[in-house]
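Colleague: build me a model:
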Amino acid sequence: MLIDEQFQRHVGYVVDGADPAGTVFFVHETLGPGYGDVQYAITCRHLIDRFVQAGRAPSLRVNDVNGVCYDVPTDLKEWIVSDRSDVAVTRIGLPPEFPIWTCPVAESDPAPLYAGHDVFFVGMSSLSPGFGSIQAVVRTGRIARASSEVPIEMAGVQQVVSAHLVEFRSWGGQSGSPVFFYEENATQRSRIAPPLLGLLHGQLYNSDSVVDKKDVEIGGIDANAGIGVIIPASEIRHVLMDARLVEARTNEMEERVLSLIRPPGAGQ
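Modeller: This next block holds a predicted model:
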């Protein structure tokens with residue numbers, strides 16, 4: 001399985017002070033033919049809930065054109081969280097010196113999905129978060145069960161959500177990672193993005209002891225192993241249709257239309 005390097009430009013870190021707390025990735029919504037698009041940062045609601053409880057806003061750590069990372073502050077009030085799943089969204093407007101890659105969420109989450117389908121994740125590893133730059137880690141897995149009802153905890157309350165189950169092993173930091181279908185013709189430098197399946201919530205099972213391989217400890221910490229939970233991309237689209245975001249896109253579309261028809265030098 002070969003994964004194009006563009007996917008490493010698709011993610012950043014959700015940062016609490018100086019410490020990475022999880023993964024964030026980026027999508028876009030098209031305003032209309034010829035009117036461009038708007039970009040959003042996507043991560044897990046349970047990560048943003050921690051900032052809400054602490055009363056402070058997260059920053060987004062992203063690489064610039066030279067591969068040096070910077071922390072971009074966000075406004076906690078601008079984060080929109082799902083009322084039914086583990087998804088959080090905020091509008092972003094990064095300058096050109098941050099060459100992130102965004103995927104079109106409107107074309108994501110295709111059907112049908114079957115057990116055994118190969119997928120891959122791109123995100124942070126708490127074992128190697130990177131110093132001075134984002135060093136995204138690519139991991140692979142296989143769908144164990146599609147479209148399940150799964151209990152997860154959000155804001156201290158257990159809630160049943162629609163999700164896909166995936167067999168894979170991970171370490172901390174990958175919550176919020178984008179999950180993609182693996183397609184041979186769409187990952188080997190073709191620059192055609194495979195469909196976005198969703199985002200990684202976390203694991204259903206955590207091991208109680210250090211994972212060994214041939215009697216050698218891996219990293220010396222507990223590992224998450226077994227079955228992971230993928231929140232479907234349809235839940236991301238649900239949040240992107242929040243009335244506040246729709247109104248903001250409508251207003252921006254009107255502004256762009258006016259900017260095209262307004263004569264040069266005309267008053268505002």
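Colleague: list the strands paired with the host helix or strand of residue 153, with their directions.
Modeller: If you go by DSSP states H and E, residue 153 is part of strand 137-154. If you go by DSSP bridges, strand 137-154 pairs up with strand 118-123 (antiparallel), strand 157-167 (antiparallel).
Colleague: turn those into a markdown table, including distance to residue 143.
Modeller: Any C-beta I mention is one placed from the backbone N, CA and C, and that applies to glycine too. Putting the strands paired with strand 137-154 into a markdown table (distance: least, C-beta to C-beta, whole Å) gives the following:
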| stretch | distance to residue 143 |
| --- | --- |
| strand 118-123 | 6 |
| strand 157-167 | 6 |
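Colleague: okay, these in a markdown table with mean pLDDT, mean neighbour count and distance to residue 70 next?
Modeller: Below are these laid out as a markdown table (pLDDT from 0 to 100; neighbours: other C-beta atoms under 10 Å; distance: least, C-beta to C-beta, whole Å):
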| stretch | mean pLDDT | mean neighbour count | distance to residue 70 |
| --- | --- | --- | --- |
| strand 118-123 | 91 | 23 | 19 |
| strand 157-167 | 90 | 17 | 32 |
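Colleague: can you say which of the ones you listed is nearest to residue 37?
Modeller: When those are compared by C-beta to C-beta, strand 118-123 sits nearest residue 37, at 21.0 Å.
Colleague: got the contact list for the closest one?
Modeller: 1, 3, 7-8, 10-11, 22-23, 25, 136-143, 166, 168, 170, 173-174, 176-182, 197, 200, 230 (C-beta atoms under 8 Å, 6 or more residues apart in numbering).
Colleague: report the buried members of those.
Modeller: Applying 16 or more other C-beta atoms under 10 Å to the contacts of strand 118-123, the neighbour count classes 3, 7-8, 10-11, 22-23, 25, 136-139, 141, 143, 166, 168, 170, 173-174, 176-182, 197, 200, 230 as buried.
Colleague: doesn't residue 7 make contact with residue 138?
Modeller: Yes. Here residue 138 reaches residue 7: they are 6.9 Å apart, a contact under C-beta atoms under 8 Å.
Colleague: could you count how many residues lie near residue 53?
Modeller: Counted by other C-beta atoms under 10 Å, the residues lying close to residue 53 total 10.
Colleague: which stretches in the stretch 51-200 of the chain count as strands?
Modeller: Taking DSSP state E, counting those that start in this stretch, the strands of the stretch 51-200 of the chain run over residues 59-63, 69-73, 80-81, 88-92, 103-104, 118-123, 137-154, 157-167, 178-181, 196-203.
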